[in-house]
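Q: here is the input, now give the coordinates:
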Amino acid sequence: MKKERLEIFTDAVIAIIMTLMILEIKLPEISIPNLLDLLRQVAIYALSFIVIAITWLNHNAMFLTVDKVGIKITWINFWMLFSMSLIPLATAPLGEHFFEKESHMFYGAVMTAVALPYTLLQLNLNKMATHLEDKVKKTINRQNWWATFIYALSIPLSLVSIYISTIIFVIFPIIYFTPSKKIMN
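A: Numbers count the residues shown, from 1 in each chain. This next block holds a predicted model:
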């Protein structure tokens, strides 16, 4: 099938996911004593929104390398979209119960569930990309596998300290979800 059909469907699903995410957030009463809780929830919502947005940007970038997609790519993409649809479910408890390790573990599990099909999608698209150098493909694939591993590692690390997992959630997406300039050019 033409890649445009898959891209249009993906755009629509991601737009719905972003819309649903705001509906899952339950803010505390707006008052001075609750200000830190309110800011924390908004920051966590912003983090999840940014993760989704950058994933969408990178998804767009990775599809620049192909003209058509097969059923395997389509199903991996559906898997990624399903995993992304869980982000609102993980964002709400992380915002409401930030100091509980279980909310960090769930968020880490969802981020891992998004990173794995994303990595497999990129891996399969890289096999089809003829204009990318093998060195660039290997670098992208290595970065994606490391991202998946580190997200998975955030789950048990949440038991050690929620702050370690928070660092992974905040810093790592900045590195991982930034599209490669070599692909965009």
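
Q: need the contact partners of stretch 95-113.
A: For stretch 95-113, the external contacting residues (CB atoms under 8 Å, 6 or more residues apart in numbering) are 25-26, 40-41, 44-45, 51, 83, 86-87, 89-91, 93-94, 148, 151-152, 154-155, 157-159, 162, 165-166, 168-169. C-beta coordinates here come from the backbone N, C-alpha and C atoms, glycine included.

Q: which members of those residues are classed as buried?
A: 25, 40-41, 44-45, 51, 83, 86-87, 90-91, 93-94, 148, 151-152, 154-155, 157-158, 162, 165-166, 168-169 (16 or more other CB atoms under 10 Å).

Q: narrow these to those in helices?
A: Members of the buried ones among the contacts of stretch 95-113 lying in helices (criterion: DSSP state H): 40-41, 44-45, 51, 83, 87, 90-91, 93-94, 148, 151-152, 154-155, 157-158, 162, 165-166, 168-169.

Q: separation between Thr166 and Ile76?
A: The gap separating Thr166 from Ile76 is 29 Å, by CB to CB, to the nearest Å.

Q: all helices for this structure, in order.
A: Using DSSP H, helices in the chain cover 3-24, 35-62, 71-85, 87-96, 101-128, 134-160, 162-176, 181-184.

Q: quick check: mean pLDDT of the fifth one?
A: In this case it means helix 101-128. Helix 101-128 shows a mean pLDDT of 96.

Q: report the distance from it to the chain centre.
A: For helix 101-128, the separation from the chain centroid amounts to 7 Å (computed by CA atoms, centre = their mean, to the nearest Å).

Q: list every C-alpha atom in stretch 13-24, with coordinates, as CSV.
A: What follows is stretch 13-24, C-alpha atoms only, in CSV (Å, rounded to 0.1, in the frame of the first residue of the first chain):
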residue,chain,number,x,y,z
VAL,A,13,-4.8,8.2,15.8
ILE,A,14,-2.1,10.2,17.4
ALA,A,15,-4.3,13.3,17.3
ILE,A,16,-7.0,11.4,19.2
ILE,A,17,-4.4,10.1,21.7
MET,A,18,-3.3,13.6,22.4
THR,A,19,-6.9,14.8,22.8
LEU,A,20,-7.8,11.9,25.2
MET,A,21,-4.7,12.5,27.3
ILE,A,22,-6.1,15.8,28.6
LEU,A,23,-9.3,14.1,29.5
GLU,A,24,-7.5,11.7,31.8
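
Q: can you tell me what sits against that stretch?
A: Contact partners of stretch 13-24, identified using CB under 8 Å, 6+ apart, comprise 45, 48-49, 52-53, 55-56, 81, 84-85, 87-89, 91-92.
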